[in-house]
Structures are given as C-alpha cells and as structure tokens.
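> Sharing a sequence plus its predicted fold:
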Amino acid sequence: MTQTDEHVRDHVYKLIFEDLNLCCGFPEDSYDLVRDLLGAFRNKTGIDTLLPTDGARYLILGLLDNANLIEHGSTIDGAWLTREGEWYWQALTRFDYDDIQGDTETAEGVGLPHDGKACMDSCFKPFWGLH
C-alpha cells in the first residue's frame, strides 16, 4: 500500500486531535514536542532535556504510552518507540503542524482516517525509506 500525503496527514490529525487531545492553547508547540520526544526516544538521548521535571516527564510519557507511541518494561523511564511511534516520528518530521491543522492549502480536506474507524496494522508500514 502506498501511503499518500493525505493518508499520512489524516493519521497525524487523529494522533494530535484525538489520541493526544491537543486542541487548545498552542497545539503547534505540543506537536513539535511530540515530534522531538519521539526523535529523542529514537536516538536514545535528550528526553531529560525536553522534560526536565519528574512530573512533566511522567505525565507526558504516560500520554505517549496511552497513544501507543512508546512501550516499556518495568519503568516508563526505559521506554522505547513502538512501530507506530516510529511511523509517527517519520510522519511528524515530514509535515509541519500547519499541514494538518486546516489553515493552509496543504491541509485542505484533512480529517480522520477511515471515516473515524479503527486503524489496521497496514496503516503503519514504514515509508519514505527512513529507518
């Protein structure tokens, strides 16, 4: 299955506005933080810099875990990216927040994937040759 820009943007839209419920305030800053955190997990460095306090770290990591972006063993501090987390890192580095939030030409028609139905494993196949 070829993953079109529309397919990817729809999934990112769902992640941001439904799975993480980032609708108010400065969601573009939250978008950037999620992208940067997924990158930090991917590179196994920098999480403490992005989330310098215990409260913020455990709250945000819990959100990422609930959204199936990370998984962990006995402690969430030792978490790693899930397959979906890797896919979303690739997607979030491909698009800016403006590309999915509806105020630009590129975001026109962005909405929930699959008419709001659940995703299948095939939604999160690697794409763009990134590893």
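On my side now, so go ahead. In this text, all values refer to a predicted model and were calculated from it rather than measured experimentally.

> Identify each of the strands in this structure and give its residue range.
Here the chain has its strands, by DSSP state E, at 70-71, 80-81.

> helices or strands up against the longest helix seen in the chain?
Longest helix in the chain, counting residues (DSSP state H): helix 27-43. Judged by 3 or more Cβ pairs under 8 Å, 6 or more residues apart in numbering; DSSP states H and E, the packing partners of helix 27-43 are helix 47-50, helix 54-66, strand 80-81, helix 83-94, helix 98-101. The C-beta positions use only the backbone N, C-alpha and C, and glycine is treated the same way.

> The same query, at a cut-off of 10 Å, please.
helix 5-14, helix 47-50, helix 54-66, strand 70-71, strand 80-81, helix 83-94, helix 98-101 (3 or more Cβ pairs under 10 Å, 6 or more residues apart in numbering; DSSP states H and E).

> looking at those, which one has the lowest mean pLDDT?
Mean pLDDT values for the helices and strands packed on helix 27-43 show the minimum at helix 98-101, a mean of 79.

> and that one, what does it pack onto?
By 3+ Cβ pairs under 10 Å, 6+ apart, helix 98-101 packs against helix 5-14, helix 27-43.

> Out of those helices, which one sits most buried?
helix 5-14 (a mean of 20; mean count of other Cβ atoms under 10 Å).

> picking up where we left off before, include distance to residue 101 when you put the strands of the chain into TSV, please.
Output for the strands of the chain, formatted as TSV (distance: least, Cβ to Cβ, whole Å):
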stretch	distance to residue 101
strand 70-71	24
strand 80-81	24
